[in-house]
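> Attaching a predicted model along with its sequence, questions to come.
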Amino acid sequence: MCRYGSTCLCLSISVRQPDASRSGRGSKKIRAAAARCCPGRTKAAKNCGTTLSRWLGLPAAAAGDFDVPLRLLIPLQAETGLLPQAYASLHATLALAYEAHENTLYALEQRVKAEPFLGRPAAVADNQARIWKLLSAQAREMLVEMRGESPDPIVQGWIDLALAVAYAERKARNIEQWRTAYPDHPAGNALLATIAETPVEASIPKTASFQGKIALLLPLESPAYAAAAKAVQAGFMAAHATDTSQPQVVAYATGDPENTLQAYRRAVADGAQFIVGPLTRTEVTTLTAETFTIPVLALNQPENTLKPQDHLILFGLPAETEARQVARQARDHGMQNALVVAAETPLAQRMAKAFTEEWRALEGSVAAQLTIPAAGKLAEFKAEAAAHPADMIFLAAGATQASLARPYLDLAIPTYGTSHIYDGGPKSLQNLDLVAVHFVDMPWLIDPDNPDFAPYRSGGLFRDGPRAQSVRRRQERRKDRGAARDRLIVTAIFTLC
């Protein structure tokens with residue numbers, strides 16, 4: 001206890017910073033403290049607002065090492081009693097970390113969270129300028145992918161503002177229409193005026209056009225997979241028609257393992273600079289034994305565990321990968337203690353296992369893991385769930401089993417699931433029991449009538465072609481910015497309503 005009758009809580013945060021004197025091999029520790037300061041203590045209050053601010057200088061010096069600070073700072077969002085300066089610094093720091101990870105949406109959310117604690121109009125204006133700089137650097141298709149992923153109307157408003165003026169000739173009119181739709185949005189009039197006066201060509205993100213050759217490795221002559229391969233090829237070429245740079249696309253037939261390797265080597269010898277394929281799991285498993293010298297976007301997952309390769313991108317979303325993605329998103333949302341509820345099916349148990357492993361790796365705790373019982377034992381299930389309080393629930397189940405279990409869980413606790421929880425029918429009565437459940441899925445499957453997703457509407461494997469094009473273009477933008485390659489998951493998080 002201090003002389004003001006309050007408890008001061010300090011948390012030390014260790015950040016590993018590369019030491020240039022050791023050629024990047026060694027490291028030295030930089031410490032920052034997040035303090036819950038006593039009201040009325042001028043010096044302590046100042047420190048509380050500046051200790052985290054000191055950490056703001058780390059991104060430039062830390063050479064991209066943001067994982068540890070992210071994991072340590074995310075739980076602080078749940079702290080109560082911090083001074084406004086500390087909250088502002090916390091969210092600004094997280095925004096910078098997410099920007100370094102190229103997670104535009106989460107960076108935007110953190111900027112929005114920081115704003116109520118900034119106080120001074122100049123600080124608010126600077127924060128909004130940073131928000132606009134972040135959004136205006138995004139290509140329109142990236143803004144479309146982000147749209148609807150956040151439940152925060154202010155975040156949604158910023159994204160819609162960026163979409164309203166993207167490549168628009170009559171920006172002022174579009175901004176007026178946007179303001180009518182978002183009358184209470186905090187975006188300042190001075191910023192809106194500046195946006196309206198910015199020439200169109202100055203607002204278009206500058207990315208280099210891809211001028212090389214793209215090779216499609218598909219089993220076009222395989223009796224078993226030719227139809228699927230041709231559907232993927234048709235979808236890819238449909239999306240290719242919308243590419244202003246119009247790179248050359250050449251298809252190479254694959255099939256058995258030997259043909260797959262020969263097709264890859266022939267494509268490289270022919271000068272391909274980006275490879276899309278192969279399609280089947282067997283082909284992908286065979287090809288990943290190669291050491292790649294150019295980017296390869298494989299359209300399936302291999303049968304075995306792979307060593308990371310800089311040029312390999314695995315496109316596909318097994319249920320386990322979705323479950324791990326949900327764990328990361330829930331952790332990013334500040335969740336700390338999870339109740340895992342799974343159906344008895346082998347698939348659901350694999351999802352629960354993958355979520356739990358990822359959750360614990362992210363230093364989250366598991367209150368309990370329960371199995372959805374038969375209808376006659378749901379009362380006992382409800383009591384057991386209530387006996388294990390948690391701040392989130394992971395529901396590993398299909399739509400039918402999830403609908404059976406959800407009414408017996410605490411509806412006030414944020415609940416997450418995978419794409420298996422959604423039956424695809426926006427007006428399905430089954431969804432009534434799943435209202436407010438967050439789940440991951442492809443954006444164009446949830447909003448198929450959106451004109452921005454027109455290339456994706458055709459059924460089945462045709463949609464994998466445009467998806468592959470989307471991932472390829474994203475990788476080109478990342479390469480233009482000098483970004484490191486990373487795992488790409490083409491999904492968004494949705495909430496049933």
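Perfect, thanks for sending it.

> CA only for contacts and neighbour counts going forward, please
OK.

> What does I313 show for phi and psi?
The phi and psi values for I313, taken as degrees, to the nearest 10, are phi -120, psi 120.

> oh, I was asking about I195
Residue torsions, per degrees, to the nearest 10, at I195 are phi -60, psi -40.

> Please name the residues that touch it.
Remark: with contacts taken as Cα atoms under 8 Å, 6 or more residues apart in numbering, I195 is in contact with K171.

> what's the answer for A397, then?
Residues in contact with A397 (Cα under 8 Å, 6+ apart) are 342-343, 348, 417, 420-421.

> Output the residues you listed as CSV; include the columns pLDDT, secondary structure and neighbour count.
Conversion of the contacts of A397 to CSV gives the following (pLDDT from 0 to 100; DSSP: H, G, I helix; E, B strand; the rest coil; neighbours: other Cα atoms under 10 Å):
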residue, pLDDT, secondary structure, neighbour count
A342, 96, strand, 27
A343, 94, coil, 22
A348, 91, helix, 22
G417, 92, strand, 28
H420, 83, helix, 19
I421, 85, helix, 25
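
> ok, those residues vs A289, which is closest?
Within the set of these, A348 lies nearest A289; the separation is 30.6 Å, counting by Cα to Cα.

> Would you mind listing the residues in contact with the closest one?
Counting by Cα under 8 Å, 6+ apart, the residues that A348 touches are 342, 396-398.

> would you turn the contacts of A397 into JSON lines with distance to I294?
Converted to JSON lines, the contacts of A397 look like this (distance: Cα to Cα, whole Å):
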{"residue": "A342", "distance to I294": "41"}
{"residue": "A343", "distance to I294": "42"}
{"residue": "A348", "distance to I294": "37"}
{"residue": "G417", "distance to I294": "35"}
{"residue": "H420", "distance to I294": "34"}
{"residue": "I421", "distance to I294": "37"}
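
> What is the nearest of those residues to L191?
If you rank those by distance to L191 using Cα to Cα, G417 comes first, at 38.4 Å.

> I'd say the closest one and V440 touch.
Yes: distance between G417 and V440: 7.2 Å, which falls inside the contact criterion (Cα atoms under 8 Å).

> any common contacting residues for the two?
Common neighbours of G417 and V440 (Cα under 8 Å, 6+ apart) are V326.

> Go through the contacts of A348 and name the one nearest W359.
Nearest to W359 among the contacts of A348: A396, at 13.8 Å, using Cα to Cα.

> Give me the phi and psi for that closest one.
Torsion angles, degrees, to the nearest 10, at A396: phi -90, psi 90.

> How about it: which residues does it bridge to?
In this structure, A396 has beta-bridge partners A342, where bridges are defined by DSSP bridges.

> Tell me how far it lies from E357.
Using Cα to Cα, to the nearest Å, one gets 14 Å for the distance from A396 to E357.

> which of the two has more neighbours?
Neighbours around A396 and E357, counted as other Cα atoms under 10 Å, are more numerous at A396. The numbers are 32 against 16.

> Surely the more buried one and A354 touch.
No: look at A396 against A354 with Cα under 8 Å: they stay out of range, at 10.2 Å.

> Need the residues touching each of those two.
Taking Cα under 8 Å, 6+ apart as the criterion, A396 and A354 do not both touch any residue.

> Tell me where the model's unsure across the stretch 251-400 of the chain.
Filtered on pLDDT under 70, the stretch 251-400 of the chain yields the residue ranges 303-308, 316-317.

> quick one, strands of it?
Assigned by DSSP state E, counting those that start in this stretch, the stretch 251-400 of the chain shows strands spanning 272-276, 296-298, 312-314, 337-342, 365-371, 392-396.

> With distance to E109 added, can I get those in a markdown table?
What follows is the strands of the stretch 251-400 of the chain, written out as a markdown table (distance: least, Cα to Cα, whole Å):
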| stretch | distance to E109 |
| --- | --- |
| strand 272-276 | 33 |
| strand 296-298 | 30 |
| strand 312-314 | 27 |
| strand 337-342 | 22 |
| strand 365-371 | 24 |
| strand 392-396 | 20 |
